[in-house]
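Participant: Everything below, folded, please.
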Amino acid sequence: MLDFIIASMEIPMLSDIVLIFGLATLVILVFMRFKIPTIIGFLFTGALAGPYGLSLVNTSTTVEVLSEIGVILLLFVIGMEFSLKSLMAIKKAVFVGGALQVFFTIVFTTIISYFLGFNWEIAVFIGFLFSLSSTAIVLKLLQEAGEVNSISGRTTLAILIFQDIVIVPLMLFTPMLAGESDNIAWSLFLMAAKGTGVVILTLLSAKYLIPTLLFRIAKTRNEELFLLSIIVICFAVAYLTNLLGLSLGLGAFLAGLIISESDYSHHATGKILPFREVFLSFFFVSVGMLFDITFLFNHILIILGLTALTFLIKFGTIIASVKAIGQKTKDAFIVGFSIFQVGEFSLLLAKEGLKYDLLDPDTYQYFLAISILTMAITPFVLKAREDLSRKLLVIPLPQRLKKRLSKPKSQSANMEFVEKEFKDHLVIIGYGLNGRNLSRAAKSANIPYAIIEMNAVTVKEEGTKGEPIVFGDAANESVLEHVNINKARVAVIAISDAEATKRIISTIRHLTQNPYIIVRTRYVNEMEENHKLGANEVVPEEFETSIEIFNRVLTKYLIPRHDIEEFTEEVRSHNYEMFRLGSESTASKVKFDLPAINFVGVKVEKDYGSFINIPLKSAGIREKLGVNVVAIKRGSKTISEITGNDKLKLGDVVYVVGRPSALEKFEAEVEIDD
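Facilitator: Numbers count the residues shown, from 1 in each chain. Alright, predicted model coming up:
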């Protein structure tokens, strides 16, 4: 009887899930030590656990079902992160640069594949596979390096956006290449008609239906209901497109696009991301289970040759595409070194090719091996892309070719972005009385700021007034990234929920150490724990909370003490009139001259470098970086009278003054990269 109960309670897929996640944890732990992307870890896990490895998971049905959900959620999140407004701001780079890169890669790969013995249909499909790059790996590495907003970074992002969009039509064309349709013209017409109908429905829903529905759901402030509604929208639209004969992935992407046009997309993204990561891991594991490691070793020379050929084709087509939109040669090289790899969507497309017999087992193994190798070397190549580009620029070339490469195609091709770029700004979390007071003080001081608020009604009302306010939970990484928390100078948490405050502090510190965090709390006994979590200052409600917070914010922005005191007296003399709604005229009388310098403490984490263990007079920190050393804290002793013979040593806390950009360079010299 007991055996029967145990057997009936056992979940059939549980053993597979435990084995996969357990093995993946060990593999990724080892891979992270060598800074190899987690995607490679999941692929390697699948190869180990699958039939060509240790045969730990004999049936892949469970993995296949879960991986399908992962793909749906991946395309759903891409749709939510995709904004029509932001797309139009970089439309030339996306639709010209991206389209040229995909087109050139498909053409050259198709020609080479044809001459290698494949028929035209399969050759074109192979071109599809190699035209895509890894959005997941490249964007993560660019974000870690802080290069997303550079010219090359934005060009890279634009091309990746186009690739993420073009995967949908490529998946729709795949069955046609396999000969699933006798009348291709009619199939294309039917597909276009269905697609047009779905797109029209999407646009109408994005404008009228979904924003109203999500507003009413967000008003309830019930997180479970909000999450459930997002999931229902995702799978409902995916199911609708599937009924029309289109792909589930297309429906998921359109569902994400519908939500992206609402004020709730960033909050929704943060809610879905954990689910996406879990289910998507099964997709990469399922791909890895089809990979034969012995095949790699048996054909290593051919695979290395094809990998080198893949790099050359993609690198060349990327350079041509980036130059075509008027970018400099160096930026074109940098973009080429960034997105030369085969991407995760290519793996998804390859599985479709297997389903329709466009790839035989050997060709699929070659493709997997090339994909994994190009992904594996990406972090190392991308890290050295600046040096590699500089070396390519000094290679001797014919004068005519060199002149042609160095000449920009047109002045109008420079990329312009209309999105407001937050930098060195103030982030206000919570828009109650304290948040409103602080925003008015910031406005008076000409300090750029962004507001995060969970009350949907407040967000809607203040947004119509032009306030830079977003809906979302500030404990959600996606919401914080949307307001560029890593570039903020100060973050003020002005909410009354003590537990939520702790979660927000932890999330900010997990993302970045940059902003100076000031917290409003109700009780004095909550101060210590908030400090431990990473708050720089904690202001209990027993203090004059509003005045105390804006005093500290203005101090952090190096505004003279006399001006701050004058401002405080102005507030008190008018009985806080200037902080009340509709009293902008009084606040506007007080104006500040905001200095372009900052004062920070930086910990020396290295025992080597250009400025470490060298007398300051020889190091030339001021001359080279424009940074002045004010004091050095060594242990419990603070050296405030700095001489030219003093040295920076491991463990010192150095107090320096300079422009934000100069301070960032100094920090890079003395701190260890994460």
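
Participant: okay, now the domains of this protein?
Facilitator: Per automatic domain parsing, the structural domains of the chain span 14-387, 426-587, 598-670.

Participant: what about the shortest one, start to end distance?
Facilitator: The first residue of domain 598-670 is 18 Å away from its last residue (CA to CA, to the nearest Å).

Participant: show me the contacts for the closest residue to Val670 other than its chain neighbours.
Facilitator: Excluding the flanking residues, the one nearest Val670 by CB to CB, 6 or more residues apart in numbering is Val604, at 4.7 Å. Heads up, the C-betas are built off the backbone N, CA and C, glycines and all. Val604 sits next to 612, 648-654, 670-671 when contact means CB atoms under 8 Å, 6 or more residues apart in numbering.

Participant: again with Arg390
Facilitator: So Arg390 contacts Lys330 (CB under 8 Å, 6+ apart).

Participant: repeat for Ile504
Facilitator: By CB under 8 Å, 6+ apart, the neighbours of Ile504 are 429, 474-475, 493, 495.

Participant: need the least confident one among the domains of the chain, by mean pLDDT.
Facilitator: Note on these: domain 426-587 shows the lowest mean pLDDT, a mean of 79.

Participant: Now the residue nearest to Val670: phi and psi?
Facilitator: phi -80, psi 110 (degrees, to the nearest 10).

Participant: How about the one 3 residues further on?
Facilitator: The phi and psi values for Asp607, taken as degrees, to the nearest 10, are phi -110, psi 20.

Participant: Same check on Val539?
Facilitator: phi -110, psi 110.

Participant: nearest to Met527, of the contacts of Ile504?
Facilitator: Proximity of these to Met527 (CB to CB) peaks at Ile493, which lies at 13.0 Å.

Participant: Same list (the domains of the chain) but as TSV, adding distance to Val394.
Facilitator: Shown next, in TSV, are these (distance: least, CB to CB, whole Å):
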stretch	distance to Val394
domain 14-387	11
domain 426-587	34
domain 598-670	24
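
Participant: And for Gly197, nearest residue in space, chain neighbours not counted?
Facilitator: Per CB to CB, 6+ apart, closest to Gly197 is Leu244, 7.9 Å.

Participant: my bad, Asn434
Facilitator: Per CB to CB, 6+ apart, closest to Asn434 is Ala494, 3.9 Å.

Participant: for Ile447, same thing?
Facilitator: Leu426 (5.4 Å).

Participant: Surely the one you found is in contact with Lys487?
Facilitator: No: contact criterion CB atoms under 8 Å: Leu426 and Lys487 do not qualify, at 11.3 Å.

Participant: of these two, who's got more company?
Facilitator: Leu426 (27 against 18; other CB atoms under 10 Å).

Participant: ok so, going back, of the domains of the chain, which is nearest Leu393?
Facilitator: Leu393 lies closest to domain 14-387 among the domains of the chain, at 6.0 Å (CB to CB).

Participant: where exactly do the strands run in the stretch 301-450 of the chain?
Facilitator: According to DSSP state E, counting those that start in this stretch, the stretch 301-450 of the chain carries its strands in the segments 426-429, 449-453.

Participant: residue contacts, the residue nearest to Asn434?
Facilitator: Ala494 touches 428-430, 432, 434-435, 438, 520, 549, counting by CB under 8 Å, 6+ apart.

Participant: measure Ser229 to Ser262 for me?
Facilitator: 11 Å (CB to CB, to the nearest Å).

Participant: Identify the contacts common to those two.
Facilitator: Joint contacts of Ser229 and Ser262 (CB under 8 Å, 6+ apart) are Leu214.

Participant: Not counting its neighbours along the chain, what's nearest Gly635?
Facilitator: Gly651 (7.8 Å).

Participant: tell me the SS of the one you found?
Facilitator: Assigned by DSSP: H, G, I helix; E, B strand; the rest coil, the conformation of Gly651 is coil.

Participant: can I get the strands of the stretch 301-450 of the chain in TSV with distance to Asn628?
Facilitator: As requested, the strands of the stretch 301-450 of the chain are arranged in TSV below (distance: least, CB to CB, whole Å):
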stretch	distance to Asn628
strand 426-429	25
strand 449-453	28
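
Participant: can you count the residues close to Glu147?
Facilitator: 19.

Participant: List the buried residues in the helix or strand hosting Met80.
Facilitator: Here Met80 sits within helix 61-81, counting by DSSP states H and E. Buried residues in helix 61-81, counted by 16 or more other CB atoms under 10 Å: 62-63, 66-81.

Participant: Any buried residues in the lengthiest helix in the chain, and which?
Facilitator: The residue-count maximum for a helix in the chain (DSSP state H) belongs to helix 151-177. Under the neighbour-count criterion of 16+ other CB under 10 Å, helix 151-177 has 151-168, 170-175, 177 buried.

Participant: do stretch 371-385 as well
Facilitator: 371-376, 378-379, 381-383, 385.

Participant: Between those, which sits nearest Leu201?
Facilitator: Taking the buried residues of stretch 371-385 together and measuring to Leu201 by CB to CB, the closest member is Ser371, at 35.2 Å.

Participant: Next one: the nearest residue to that closest one once chain neighbours are set aside relative to Glu623, how far apart?
Facilitator: Leaving aside its chain neighbours, Ser371 sits nearest to Val342 (4.1 Å; criterion: CB to CB, 6+ apart). Val342 sits 46 Å away from Glu623, going by CB to CB.

Participant: who's more crowded, those two?
Facilitator: Val342 (26 against 8).

Participant: Filter the contacts of Ile504 down to just the ones in strands.
Facilitator: The strands, defined by DSSP state E, take in 429, 493 from the contacts of Ile504.

Participant: so which of the contacts of Ile504 comes closest to Leu14?
Facilitator: Nearest to Leu14 among these, with distances taken as CB to CB, is Ala475, at 30.5 Å.

Participant: can you give me the helices in the stretch 101-250 of the chain?
Facilitator: For the stretch 101-250 of the chain, applying DSSP state H, counting those that start in this stretch gives helices covering 120-130, 135-145, 151-177, 184-204, 210-219, 223-243, 248-260.

Participant: picking up where we left off before, top of the contacts of Ile504 by number of neighbours, please.
Facilitator: Ile429 (31 neighbours).

Participant: Quickly list what that one is bridged to.
Facilitator: Ile452, Ile493 (DSSP bridges).

Participant: wouldn't it be in contact with Met454 here?
Facilitator: No: with contact defined as CB under 8 Å, Ile429 does not reach Met454; the gap is 9.5 Å.

Participant: Overlap of the contact sets of the two?
Facilitator: With the criterion set as CB under 8 Å, 6+ apart, the contacts of Ile429 and Met454 do not overlap.

Participant: Can I get the buried residues of stretch 371-385 in a markdown table including distance to Phe235?
Facilitator: Shown next, in a markdown table, are these (distance: CB to CB, whole Å):
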| residue | distance to Phe235 |
| --- | --- |
| Ser371 | 29 |
| Ile372 | 31 |
| Leu373 | 35 |
| Thr374 | 33 |
| Met375 | 29 |
| Ala376 | 34 |
| Thr378 | 32 |
| Pro379 | 34 |
| Val381 | 38 |
| Leu382 | 35 |
| Lys383 | 39 |
| Arg385 | 39 |
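
Participant: Just give me the closest of the residues you listed to Lys92.
Facilitator: Among these, and counting by CB to CB, the member closest to Lys92 is Arg385, at 22.9 Å.

Participant: Verify the stated contact: the closest one with Phe340.
Facilitator: No: Arg385 lies out of contact with Phe340 (CB under 8 Å); the separation is 9.9 Å.

Participant: Mind listing the shared neighbours of those two?
Facilitator: With CB under 8 Å, 6+ apart, Arg385 and Phe340 have no common neighbours.
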